[in-house]
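Participant: sequence and predicted structure, then a few things I'm wondering about:
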Amino acid sequence: MGHVIKNVMNPEGIPTVEYPEVKKVMHDRYRGAHRLTTKDDGSIKCVACMCCPTVCPANCITIVAGEGEGDVEKYPVRFEIDMLRCIFCGFCVEACPKDAIRMDSAIYAVNGYNRQDMVYTKPYMQDLMDGEKSNSATHYKDNPEDAPVGYRVEIKPTTSSVAE
């Protein structure tokens, strides 16, 4: 009650952040959006050991492993995190033996236009700090073979003649 009275008496003292023009500075330990780290040569650090999907309590991480060549034994062919299911617990970060996944991006605006935008893929998480996420709806309309299972492309309404 004291805060309400203080703010009513002194409205200039209320702290306001002009979001999205001014973004709040996050603490160093804030768990933001997931990102995948890369080696010096640009390849992903993940070795598809399956530690992160095993420890994830929300079962939101999907990894499909592939056989590597040379000194790489395994690598993730597909690495996806369903952000609608993720509870941001950080267990995946703690379980990773190669420090391949981190939540230190300080990105707190995790959003999307549809359900498929909320599935973070390996290329997106690698380039998370470089740019914006592409709109998957436009991408899936242009490339229907890339669309995930269950994605429905807009169906044009059919015209039918009505018997008179």
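Facilitator: Yes, it's here.

Participant: which secondary structure element of the chain has the lowest mean pLDDT?
Facilitator: helix 136-142 (a mean of 63; mean pLDDT, DSSP states H and E).

Participant: and Cys46, how many neighbours?
Facilitator: 24 (other Cβ atoms under 10 Å). For the C-beta atoms, the positions are set from N, CA and C on the backbone; glycine is no exception.

Participant: swap in Asp41?
Facilitator: Count around Asp41 with other Cβ under 10 Å applied: 5.

Participant: can you start the count at 34 instead of 1 from here on
Facilitator: Noted, 34 is the first residue going forward, which turns the last one into Asp74.

Participant: can I take it that it is in a strand?
Facilitator: No. Asp74: not assigned to a strand; according to DSSP: H, G, I helix; E, B strand; the rest coil it is coil.

Participant: before we move on, which element is Pro109 in?
Facilitator: For Pro109, the host element (DSSP states H and E) is strand 107-115.

Participant: how about that strand as CSV, C-alpha atoms only?
Facilitator: Provided in CSV are the C-alpha atoms of strand 107-115 (Å, rounded to 0.1, in the frame of the first residue of the first chain):
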residue,chain,number,x,y,z
LYS,A,107,29.0,-37.7,-34.4
TYR,A,108,27.3,-34.5,-35.1
PRO,A,109,23.7,-33.3,-35.0
VAL,A,110,22.0,-33.5,-38.3
ARG,A,111,18.9,-31.9,-36.7
PHE,A,112,18.9,-29.9,-33.5
GLU,A,113,15.6,-28.3,-32.5
ILE,A,114,14.2,-26.8,-29.3
ASP,A,115,10.4,-26.2,-29.0
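
Participant: and the following helix or strand past it, what does it pack onto?
Facilitator: Next in sequence after strand 107-115, counting helices and strands by DSSP H and E, comes helix 124-128. Counting contacts by 3 or more Cβ pairs under 8 Å, 6 or more residues apart in numbering; DSSP states H and E, helix 124-128 is packed against helix 84-88, strand 134-135.

Participant: which of the ones you listed is buried the deepest?
Facilitator: Mean neighbour count (mean count of other Cβ atoms under 10 Å) peaks for strand 134-135 among the helices and strands packed on helix 124-128, with a mean of 22.

Participant: so how far is it from its chain's centroid?
Facilitator: Computed by Cα atoms, centre = their mean, to the nearest Å, the chain-centroid distance of strand 134-135 equals 12 Å.
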